[in-house]
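> here is a sequence with its predicted model. Questions after.
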Amino acid sequence: MLTLTSPVDTWAHRIRPGVKLAVLAIWTLGIFWLQTPLSMAVAFAAVLGLVASGGGVFLARSVVVLRPLWPFIVLVGLWHLWIDAAAAGVVIVLRLIAAVMAANFVTMTTRLSDMIAVIERLARPLARIGLSPRVLALSMALVIRFVPVMGERLDQITEAWVARARRKPRWRVLVPATLAALDDADHVAEALRARGGVR
Amino acid sequence: MERSVTHVALFAALIAVLGLVPRIDLAAGVPITAQSLGIMLCGTVLGARRGALAVLLFLALVAAGLPLLSGGRGGLGVFVSPSVGFLIGFPVAAFVAGWMMERTSIAPGLAATAAAVVGGIGVLYVFGIAGMSVMLDKSLPEAAQIGIAFLPGDIIKAVIAGLVTATLARMRPGALLSRA
């Protein structure tokens, strides 16, 4: 399965994930505290410079992954032109882009396995309320393994339906897909138990 | 124990797969994906606790950098985007839907539709609208106007969640863990 980590190697790939996450947390809190268009423009330029330091290909990719933000940017832009408060609109839009771009920067420069290691470390205190770190690690591995398996299964179910019927299957594929997930869960549980179980 | 773990993990994978299903666009920027349907099903099929855990597991992997959200989104960026409220509301929605399923003895189809409407729409929108209000610096009524655009699609999804749960209950009564 593809991850969002950038194949373009940057200097930030070599910084420890914990450090990057801590800086990101402070950064995000910080830009929500800035209120003037000028200070926000400086913050925005700083993020842009940070991302550009990864090179052209990296920068282009960072801009492409901002795509889901466009509807919100257009909406806020139009709204603020309408109520005649352009300055406030600029602050909101720049803050949005600066926050999301910085967060994506951390994701794009950190390997999935490193990020999962951070999650496991953060979840360690949960052992006291009954969630052992090993169970969490196993669960995450199971999801990663089963997303492609179930995706393929869903395609098969859809193809089988199309071969039998003229109409499109639409929501009806959901019943066999959910049943398959329930059956898989039982089978995997049996297989785990046969190998000594989850402890 | 093993069964709980595998059910939670497999339903987390189901949420992801439903986000990959080709989507129908109602209007530009207002996609209907089956992903929130997956959230509803986690609650109505697995019940409150396991349903919420499945959603949390899914979100942990999204945060870790897997593009599992509908439209291939993922990573840490989505947790500071205007739709962050919906992500925070996902596990709560599944929990409330599951809790409602567990607490009633009315027909599973009807109960699941009601649970999906209250959890998957009511609870989810409270979080989602509050999130947009904070991230876009808008008042709650203003943010609610944006949220309303998603309402028709979500009502369809709640009905489908009810139909799927009812069919599962008929075909495999033991599989409905929310009623076990």
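Here it is on my side, so go on.

> CA only for contacts and neighbour counts going forward, please
OK.

> just the C-alpha atoms of stretch B:9-26, please, in CSV.
Extracted in CSV, the C-alpha atoms of stretch B:9-26 (Å, rounded to 0.1, in the frame of the first residue of the first chain):
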residue,chain,number,x,y,z
ALA,B,9,-9.2,-4.5,13.0
LEU,B,10,-11.2,-5.9,10.1
PHE,B,11,-13.9,-3.2,10.6
ALA,B,12,-11.2,-0.5,10.6
ALA,B,13,-10.1,-2.0,7.3
LEU,B,14,-13.7,-1.9,6.1
ILE,B,15,-14.0,1.8,6.8
ALA,B,16,-10.8,2.3,4.7
VAL,B,17,-12.1,0.2,1.8
LEU,B,18,-15.4,2.0,1.7
GLY,B,19,-13.6,5.2,1.3
LEU,B,20,-11.9,3.9,-1.8
VAL,B,21,-15.2,3.0,-3.5
PRO,B,22,-15.7,5.3,-6.5
ARG,B,23,-17.8,8.2,-5.4
ILE,B,24,-20.7,10.1,-6.7
ASP,B,25,-20.4,13.8,-6.7
LEU,B,26,-23.6,15.6,-5.8
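
> so what touches that stretch?
Outside stretch B:9-26, the residues that touch it by C-alpha atoms under 8 Å, 6 or more residues apart in numbering or on different chains are A:139-140, A:142-144, A:146-148, A:150-151, A:178, A:181-182, A:184-185, B:31-39, B:42, B:54-55, B:57-58, B:68-72.

> residue A:4: neighbour count?
22 (other C-alpha atoms under 10 Å in any protein chain shown).

> over to residue A:82?
The tally of other residues near residue A:82 (other C-alpha under 10 Å) stands at 10.

> now it. Its backbone dihedrals?
Main-chain torsions, residue A:82, degrees, to the nearest 10: phi -60, psi -50.

> tell me which of the contacts of stretch B:9-26 fall in helices.
In helices, defined here by DSSP state H, the members of the contacts of stretch B:9-26 are A:139-140, A:142-144, A:146-148, A:150-151, A:178, A:181-182, A:184-185, B:35-39, B:54-55, B:57-58.

> the residues you listed, buried ones only, as a ChimeraX selection?
Burial among those is assessed by 16 or more other C-alpha atoms under 10 Å in any protein chain shown; the matching ChimeraX selection reads:
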select /A:139,140,142,143,144,146,147,150,151,178,181,182,184,185 /B:35,36,37,38,39,54,55,57,58
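
> what's next to the helix or strand harbouring residue B:133, contact-wise?
Residue B:133 is part of helix B:124-135 when elements are defined by DSSP states H and E. Outside helix B:124-135, the residues that touch it by C-alpha under 8 Å, 6+ apart are A:96, B:80-90, B:92-93, B:138-140, B:142-144, B:147.

> and the helix or strand following it, what's buried?
Next helix or strand after helix B:124-135 toward the C-terminus (DSSP H and E): helix B:140-148. Buried positions in helix B:140-148, judged by neighbour count with 16+ other C-alpha under 10 Å: B:143, B:144, B:147.

> I'd like the next helix or strand past helix B:140-148.
Past helix B:140-148, the next helix or strand by DSSP H and E is helix B:151-171.

> now the helices for chain A?
For chain A, helices defined by DSSP H occupy the ranges A:17-31, A:37-52, A:56-64, A:70-82, A:86-108, A:112-122, A:133-164, A:174-194.

> tell me how far residue B:7 lies from residue A:10.
Here the distance between residue B:7 and residue A:10 works out to 39 Å (C-alpha to C-alpha, to the nearest Å).

> these two: which has the busier surroundings?
More crowded of residue B:7 and residue A:10, by other C-alpha under 10 Å: residue B:7, with 27 against 16.

> quick check, that one in contact with residue A:183.
No - taking contacts as C-alpha atoms under 8 Å, residue B:7 lies outside contact range of residue A:183: 9.3 Å.

> neighbours of residue A:48, how many?
Residue A:48: 18 surrounding residues under other C-alpha under 10 Å.

> how much space between the spatially closest residue to residue A:116 that is not a sequence neighbour and residue B:75?
Leaving out its chain neighbours, the residue that sits closest to residue A:116 by C-alpha to C-alpha, 6 or more residues apart in numbering or on different chains is residue B:64, at 5.9 Å. From residue B:64 across to residue B:75, the span is 6 Å (C-alpha to C-alpha).

> please enumerate the shared neighbours of those two.
residue A:107.

> which among the contacts of helix B:124-135 end up buried?
Among those, those buried by neighbour count (16+ other C-alpha under 10 Å) are A:96, B:80-90, B:92-93, B:138, B:143-144, B:147.
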